[in-house]
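1. for reference, the sequence and a predicted model appear below.
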Amino acid sequence: MVQIDIPAAFVASQLFLDLGRKTVLRGAAGDTLEGRSRPAVYYRFLARSLFFAGFVICPAGIYLLSGWPGWEQIYWSSSFEQVKHAGWFNATLPALFVMAIVAAGYLGHVVGYRWLISGRGKYLRPTYIGVLLATSIVVLDCYPSFLLVGTYDQYHNLNGQVRGDMAYVWENAFDFSIGWVGVMLFFAVALVWMIVKLRREARAA
C-alpha cells in the first residue's frame, strides 16, 4: 500500500543501521560529520538502503498500484485509477510514489547514521518502531478498505457502484491474491537476506 511502502523505506534504512551498528561505528570511527567526505561504511549502508527501496519496495508498490490501484492506496483518491489520458497531474502520481519511497529510504539513512556516530543511537530503534506503529494505526483506521478489492467508486458508493459488489481479498478477484502473495514473498525473501547479511557482518566486526 502507498501508506505502507513509503514509511517502510524509512524503517528499512534505519533497521539496517540498527542491525549493523557495530559495523557502522567501527567503520565510521573519527567521522565528526563536519567534513564533506564520509567514510566508505556510510556509502555502503546508503547503497543498501537505496537498493532495497528502489529494487524491492518500488517494484512491489508499482506492481500493485498498476494492477489494483484502488486497494493499493486504500481508496483515498480516484486519481490513481485515472492515469491514462487523464491529464498531467494523474500521470505524475506513480512517479511521485517512486520518488517518495527512495527519498524516505535516503532520509532514514541520513538521520540514522547521524544519530549513531553522534552518540544518539538510542533514538534509532524507538523511531523506526514508532513509525511502524503510526503506519499501522493509519491503515487500521481505514478498515475495511484493505480487505476489499475493487474501484474507488465501489468503495465510496458512487456512480451507481456499491461496496457490496466488491470482493474480499482472499477471493482472488482480478487475480489479486496471486499478485499480492508474489509481492509479499519477494519482499520477505529480500528482507530476510538483508538481515542475515547484516547480522553476519556484525558478528565479524
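-> Nice, I can see it. Numbering: from 1, shown residues only.
2. give the contact list for the closest residue to Gly105 other than its chain neighbours.
-> Excluding its sequence neighbours, the residue lying closest to Gly105 (C-beta to C-beta, 6 or more residues apart in numbering) is Ala53, at 3.4 Å. Where you see a C-beta, it was placed from the backbone N, CA and C, and this is true even at glycine. Contacts for Ala53 were tallied using C-beta atoms under 8 Å, 6 or more residues apart in numbering; they are Ala9, Ala12, Ser13, Ile101, Val102, Ala104, Gly105, Tyr106.
3. how close does Ala53 get to Ser66?
-> Ala53 sits at a distance of 18 Å from Ser66 (criterion: C-beta to C-beta, to the nearest Å).
4. ok so, going back, now distance to Asn90 and neighbour count too, for the contacts of Ala53, in JSON lines please.
-> Listed next are the contacts of Ala53 as JSON lines, based on distance: C-beta to C-beta, whole Å; neighbours: other C-beta atoms under 10 Å:
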{"residue": "Ala9", "distance to Asn90": "23", "neighbour count": "29"}
{"residue": "Ala12", "distance to Asn90": "28", "neighbour count": "25"}
{"residue": "Ser13", "distance to Asn90": "29", "neighbour count": "28"}
{"residue": "Ile101", "distance to Asn90": "19", "neighbour count": "27"}
{"residue": "Val102", "distance to Asn90": "21", "neighbour count": "17"}
{"residue": "Ala104", "distance to Asn90": "22", "neighbour count": "23"}
{"residue": "Gly105", "distance to Asn90": "25", "neighbour count": "29"}
{"residue": "Tyr106", "distance to Asn90": "26", "neighbour count": "17"}
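5. assign a three-state SS to the residue lying farthest from the centre of the chain, would you?
-> Relative to the C-alpha centroid of the chain, counting by C-alpha atoms, centre = their mean, Gly160 is the outermost residue, at 34.3 Å. Per DSSP: H, G, I helix; E, B strand; the rest coil, the local secondary structure of Gly160 is coil.
6. also the one 10 residues further on?
-> Using three-state DSSP, the three-state assignment for Trp170 comes out as helix.
7. how many residues are close by the spatially closest residue to it that is not a sequence neighbour?
-> For Trp170, ignoring the flanking residues on the chain, the nearest one in space by C-beta to C-beta, 6+ apart is Ser177 at 6.2 Å. Per other C-beta atoms under 10 Å, the neighbour tally for Ser177 reads 16.
8. which ones are touching Ser177?
-> Contacts for Ser177 (C-beta under 8 Å, 6+ apart) come out as Val169, Trp170, Glu171.
9. okay, and for the chain, where does confidence drop off?
-> Residues of the chain meeting the criterion pLDDT under 70: 32, 35-36, 205.
10. any chance you could map the strands in it?
-> In chain order, the chain shows strands spanning 148-149, 167-168, with DSSP state E as the criterion.
11. which residues sit in contact with Gln154?
-> With contacts defined as C-beta under 8 Å, 6+ apart, the neighbours of Gln154 are Gly70, Gln161, Val162, Arg163, Asp165, Met166.
12. any chance of those in CSV, with neighbour count and distance to Val181 too?
-> Below are the contacts of Gln154 laid out as CSV (neighbours: other C-beta atoms under 10 Å; distance: C-beta to C-beta, whole Å):
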residue, neighbour count, distance to Val181
Gly70, 24, 19
Gln161, 16, 27
Val162, 13, 28
Arg163, 15, 24
Asp165, 11, 24
Met166, 22, 19
